[in-house]
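[1] Turn this into a structure:
(one chain, ligands or ions: 1)
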Amino acid sequence: MRVKIVAGNWKMNKTASETAALIDEIIKATAGTHVEVVVCPPFTSLKDAAAACTGSHVKLGAQNVHWEVSGAYTGEVSAEMLKELGVTHVIIGHSERRQYFGETDETVNKRTKAALAAGLVPIVCVGETLEERDSGKMDEVIVRQVKLGLTDLDVGKVVIAYEPVWAIGTGRTATPAQAQEAHALIRRTLAEIVGGAIANSVRIQYGGSMKPDNAKELMGQPDIDGGLIGGAALKADSFAAIVNG
Ligand code: 13P
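    Presented below is the predicted three-dimensional model:
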């Protein structure tokens, strides 16, 4: 039985002073849930967020991590720095980082290894663009991202997020059947790499315009184990409605 995991990717939203209030509301609105709940605010909010999460069921994630422990990497943040603040999860390889900031399968792999080495749970994002889907390359892209992103590491400790790029922030959600097809492909690919037992234990989140009105059906699919939520994670009521089903 895979425990469902719903994470809010706040992206570049909410200042530090706006963070605690939203987390307090989320804690109250999701009390008693059996779902693993994670919030991923910007780096600048992590300290306040950690204080707000303390003693609650809500866990704290960051949105990126560098692969080195320390050094001359201007603008980057290491896994140890995140750990010290109380971060337990980290999003890696989000499509916005791949599209706008030069993230590659190789850097995703390095960041994921660093996260695991520090004991953080990596949420590794994969997903095809509309152009790749329309030209019949969806399977190839997803399989490549999974295999290269997860090379030579402990796959059983990773969470994967399938986020079709065309569904992110567009209001155009993948249908439950489309999402299930991709998730099943990801699980088959994992089984090829590490065998069926571990593949069956890995949680695969869906992300891309997930909202309270479509979350239940998406998360009801056999290979969909939660959600990575963008826009709907910025309000406690919509995020909690997704968590609470
Ligand atoms: P939206 O839910 O805003 O489409 O964003 C999804 C996403 O990118 C989560 O990482």
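[2] what about stretch 32-50, how long is it end to end?
    20 Å (CA to CA, to the nearest Å).
[3] In the protein, what helix or strand scores lowest on average pLDDT?
    In the chain, the helix or strand scored least confidently by mean pLDDT, DSSP states H and E is helix 130-134, which has a mean of 95.
[4] List the buried residues in the next helix or strand after that one.
    For helix 130-134, the following helix or strand on the C-terminal side (DSSP states H and E) is helix 138-149. Neighbour counts over helix 138-149 (16 or more other CB atoms under 10 Å) mark 138, 141-143, 145-146, 149 as buried. Just so you know, the C-beta spots here come from the backbone N, C-alpha and C atoms, and that holds for glycine as well.
[5] any chance of those in CSV, plus distance to residue 80 and pLDDT?
    What follows is these, written out as CSV (distance: CB to CB, whole Å; pLDDT from 0 to 100):
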residue, distance to residue 80, pLDDT
138, 37, 97
141, 33, 98
142, 31, 98
143, 33, 98
145, 27, 98
146, 27, 98
149, 22, 98
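[6] Distance to the ligand for those residues - can I get that in CSV?
    Below are these laid out as CSV (distance: CB to the nearest ligand atom, whole Å):
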residue, distance to the ligand
138, 18
141, 17
142, 16
143, 21
145, 15
146, 17
149, 16
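[7] got these as CSV, with distance to residue 184 columns?
    Output for the buried residues of helix 138-149, formatted as CSV (distance: CB to CB, whole Å):
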residue, distance to residue 184
138, 13
141, 16
142, 11
143, 12
145, 16
146, 12
149, 18
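[8] circling back to that earlier point, any buried residues in the least confident helix or strand of the chain, and which?
    Residues 132-133 are the ones in helix 130-134 that count as buried (16+ other CB under 10 Å).
[9] and it, how far out from the chain's middle?
    22 Å (CA atoms, centre = their mean, to the nearest Å).
[10] Which strands or helices does that helix pack on?
    Packing contacts for helix 130-134, counted by 3 or more CB pairs under 8 Å, 6 or more residues apart in numbering; DSSP states H and E, involve no helix or strand.
[11] Now with 10 Å, please.
    helix 138-149 (3 or more CB pairs under 10 Å, 6 or more residues apart in numbering; DSSP states H and E).
[12] helix or strand right after the helix it packs on?
    strand 159-162.
[13] May I have the next helix or strand after that following strand as PDB, with CA atoms only?
    On the C-terminal side of strand 159-162, the closest following helix or strand by DSSP H and E is helix 176-194. Extracted as PDB, the C-alpha positions of helix 176-194 are listed here (Å, rounded to 0.1, in the frame of the first residue of the first chain):
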ATOM      1  CA  PRO A 176      -7.500  10.500 -15.800                       C
ATOM      2  CA  ALA A 177      -6.800   8.000 -18.600                       C
ATOM      3  CA  GLN A 178      -4.000  10.000 -20.100                       C
ATOM      4  CA  ALA A 179      -2.400  10.500 -16.700                       C
ATOM      5  CA  GLN A 180      -2.800   6.800 -15.800                       C
ATOM      6  CA  GLU A 181      -1.200   5.800 -19.100                       C
ATOM      7  CA  ALA A 182       1.900   7.900 -18.300                       C
ATOM      8  CA  HIS A 183       2.100   6.800 -14.700                       C
ATOM      9  CA  ALA A 184       1.900   3.100 -15.800                       C
ATOM     10  CA  LEU A 185       4.700   3.800 -18.300                       C
ATOM     11  CA  ILE A 186       6.800   5.300 -15.500                       C
ATOM     12  CA  ARG A 187       6.200   2.300 -13.200                       C
ATOM     13  CA  ARG A 188       7.000  -0.100 -16.000                       C
ATOM     14  CA  THR A 189      10.200   1.800 -16.600                       C
ATOM     15  CA  LEU A 190      11.100   1.700 -12.900                       C
ATOM     16  CA  ALA A 191      10.400  -2.000 -12.900                       C
ATOM     17  CA  GLU A 192      12.900  -2.400 -15.700                       C
ATOM     18  CA  ILE A 193      15.600  -0.500 -13.700                       C
ATOM     19  CA  VAL A 194      15.100  -1.900 -10.200                       C
END
